[in-house]
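*Asks:* Just need the structure, nothing else, for what follows:
(2 chains)
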Amino acid sequence: MAFDYEKYIRPGKLPHIWCPGCGHGIVMKGMIRAMDTLGLEKNNTAIVSGIGCASRLPGYIDCCTLHTAHGRAAAFATGVKLAKPEMTVILVGGDGDGTAIGGNHFIHACRRNIDMTYIIMNNYIYGMTGGQFSPTTPHMHKASTTPYGNPDPSFDIAKLAIGAGATFVARGTAFHANQIDKLIVEAIQHKGFSVVEILDDCPTTYGRRNKFKSVIEMMNRLKEVAVPVKAAEKMTPEQLAGKVLTGILYKEDKPEYCSEYQKVIERAGGAAR
Amino acid sequence: MGKKVAFLQGNEAAAHGALYAGCNFFAGYPITPSTEVAEVLSAELPKIGGKFIQMEDEIGAMAALLGGALAGSKALTSTSGPGLSLKQELIGYGCIAEIPCVIYNVMRGGPSTGMPTGPSQSDVMCAKWGTHGDHPAICLVPASVQETYEETIRAFNLSEKYRTPVMVMPDEIVAHMRERIVFPEPGEIEIIPRKAPTVPPEQYKPYDTSFGDVPPLAAFGSEYRFHVTGLNKMQDGFPTTKASVVQEEEERQVRKVEGNVDDIVKFEEYLLDDAEIVVVAFGSTSRSARYAVNEARKEGIKAGMFRIITYWPFPEKQLLALAKRGVKAFITPEMNLGMTHGLVKGCTEGKAPVLGIFRVDGEPINPGQILDKMKEVK
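*Replies:* Numbers count the residues shown, from 1 in each chain, chains lettered A, B, ... in the order given. Below you'll find the model as predicted:
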């Protein structure tokens, strides 16, 4: 029997705003499958986003949903989670929202190791505003504000998350749709701040400027560059050049923020909530 | 047994006032001269199972505050001028999404880093116009430690009653001076709870105006689930660009405050019955003004003071009534370059001259300056 996505979709809120060929819908479906696998209760689940194409996702999901301001999803979500630690809190957004204007909140959410899951759809571009370069736009690639090629180096979101202290970091792609929900399930189950980066594509504002002839070509690129971490162990540095590791990249057990704050309450002699 | 008495600083009083009001969530970022609020609450909130978080920056603190409030908390942040500037985008978010919370801002000099941390009264325009777009604004300006305590409680009450962010803005002198404070008994001051929804969850709309201009607000993690956005929205919380809906919703958000000025506007009239010269003052400056009025009376000058306690909405109606009654002049002493002066001129419709005394050098306005200005009035 086909999977019933409508279980978690808000009635009457589709169609979504995403362009044909955009991978955000694939990620949303993966997220819904993960929510179903975990049996997440709608009333006890908050989906929080910032601004951008990916950040429109919460509006389609039938949970407590919070579409915040540009870059601020992690900080709003931190407030929700700290106030109600019993809630499952999932953040969604794009690369510009999460690692440029929201970069400070992102690294500090990682550092606190607060038990939330951040799904970052990385399409290397500011799509909603028409294709300006983001912190993940590759060097020398074209964007509407880098007509001569991008002079900036780019962020590796997963490395950034690991360096900042996130205790679960995974990466998938919009091509590898069946892996997305599995990564998200493990991320939500992990006690601590978990980051799932999904390499995604924006045919409309990134693809056409960077000589991709079709969405299929962009999808094929995702397929070709992705190397599962297990497979990578057997490969030489030469073989890994230009590749991107996928799967669970990092996992560590460390004290979680809300649990640590509960200890503060106990040390202060306060009543447990 | 008498009431509990203490010798407290304005900032400490604000923290204790917040606790009296039921504050159980604080998010902030360190900034002088407001940090004592955070320090007190970092110690006191865990004792009652409340939450304190020091965020990575000012706007992050504002975001966490709104998140905590949406999850049902009564939430406070504290900051000062530069921090108030940094919070502005999300103060607007709190206004449009209609999330109750309290922002305690101690006024120091500006713009930018200014002269840390001399006293100032120059954030009053920022309190209303700092965030872009039309929005409601409530701002309270206490003049004593006792009043800082009580106005912080009132700020929580107003934020819940009108479902909007409310600011409490003492100047640095009020925030850091120490005075005797008498604590109210539990239950002595009314605490207004958040208006909770009464409809079944499937019928709940977070901006349902069939309950009036202030719709009930449910909490995340309760039996109600709903959508919140910073976009212009419909009554069900989802974004819209429909002209008539956007117009009506924006007007309602402003109307819920502007339509209730008599409930929100608070002021003190001091020796105004026969006053020919009216000093319009607030915060620590009103203390100098009171002294100056007393001195003037000894010299036979019929002076009085109109003390602003609610700065926004501005007490336009009361000042116009005074102007119409007939006064020789208004005097506006303030630690900025004429912010209140312009407002008083505007609302008194030219019926009396408005003389300003402006200081931005980090020094308080002293009674002598005000008395000298009174003597200039013909």
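
*Asks:* pLDDT at B:Lys3, what is it?
*Replies:* What the model reports as pLDDT for B:Lys3 is 89.

*Asks:* Test my guess that it contacts B:Arg180.
*Replies:* No. In this structure B:Lys3 lies outside contact range of B:Arg180 using CB atoms under 8 Å: 11.4 Å. C-beta: built from backbone N, CA, C; applies to glycine.

*Asks:* And the residue of the stretch 151-273 of chain A at minimum distance from chain B, how far from B:Ile91?
*Replies:* When distances are taken as CB to the nearest CB, the stretch 151-273 of chain A reaches nearest to chain B at A:Ala268, 3.6 Å away. Using CB to CB, to the nearest Å, we find A:Ala268 at a distance of 30 Å from B:Ile91.

*Asks:* repeat for B:Arg154
*Replies:* For B:Arg154 relative to B:Ile91 (CB to CB), the value is 19 Å.

*Asks:* Of those two, which one has the most company?
*Replies:* Legend: neighbour count by other CB atoms under 10 Å in any protein chain shown for B:Arg154 and B:Ile91, higher for B:Arg154 (27 against 24).

*Asks:* wait, isn't B:Glu376 in contact with B:Leu355?
*Replies:* Yes. Between B:Glu376 and B:Leu355 there is a contact under CB under 8 Å: 6.9 Å.

*Asks:* Could you tell me how many residues sit around A:Glu186?
*Replies:* With other CB under 10 Å as criterion, A:Glu186 counts 18.

*Asks:* Look at B:Thr117 and give its secondary structure.
*Replies:* Following DSSP: H, G, I helix; E, B strand; the rest coil, the label given to B:Thr117 is coil.

*Asks:* hmm, I was thinking of B:Ile357
*Replies:* Following three-state DSSP, B:Ile357 is assigned to strand.

*Asks:* ok, the residue of the stretch 151-273 of chain A closest to chain B - contacts?
*Replies:* Applying CB atoms under 8 Å, 6 or more residues apart in numbering or on different chains, we find A:Ala268 in contact with B:Ala43, B:Pro46, B:Lys47.

*Asks:* gap between the last one and A:Val264?
*Replies:* Computed with CB to CB, the distance linking B:Lys47 and A:Val264 is 10 Å.

*Asks:* could you pull out the strands for chain A?
*Replies:* Taking DSSP state E as the test, the strands found in chain A are A:45-49, A:64-67, A:88-94, A:117-122, A:125-126, A:132-133, A:168-173, A:194-199, A:226-228, A:244-251.

*Asks:* Now tabulate those strands in TSV and tack on mean pLDDT, mean neighbour count and distance to chain B.
*Replies:* Output for the strands of chain A, formatted as TSV (pLDDT from 0 to 100; neighbours: other CB atoms under 10 Å in any protein chain shown; distance: least, CB to the nearest CB, whole Å):
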stretch	mean pLDDT	mean neighbour count	distance to chain B
strand A:45-49	98	28	6
strand A:64-67	98	28	4
strand A:88-94	98	29	9
strand A:117-122	98	28	14
strand A:125-126	97	28	18
strand A:132-133	98	20	20
strand A:168-173	98	27	20
strand A:194-199	98	28	17
strand A:226-228	98	17	33
strand A:244-251	98	19	22
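
*Asks:* Take those strands and lay them out in TSV including distance to A:Ile107.
*Replies:* Formatted as TSV, the strands of chain A follow (distance: least, CB to CB, whole Å):
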stretch	distance to A:Ile107
strand A:45-49	17
strand A:64-67	21
strand A:88-94	14
strand A:117-122	11
strand A:125-126	20
strand A:132-133	21
strand A:168-173	13
strand A:194-199	11
strand A:226-228	25
strand A:244-251	15
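
*Asks:* quick one, which of the ones you listed is nearest to A:Lys211?
*Replies:* Closest to A:Lys211 of the strands of chain A, according to CB to CB: strand A:125-126, at 14.4 Å.

*Asks:* So for whichever residue of the stretch 251-378 of chain B sits closest to chain A, what's the nearest residue that isn't a sequence neighbour?
*Replies:* When scored by CB to the nearest CB, the stretch 251-378 of chain B has B:Gln253 as its residue closest to chain A, at 17.0 Å. Nearest residue to B:Gln253, sequence neighbours excluded (CB to CB, 6 or more residues apart in numbering or on different chains): B:Pro136, at 5.8 Å.
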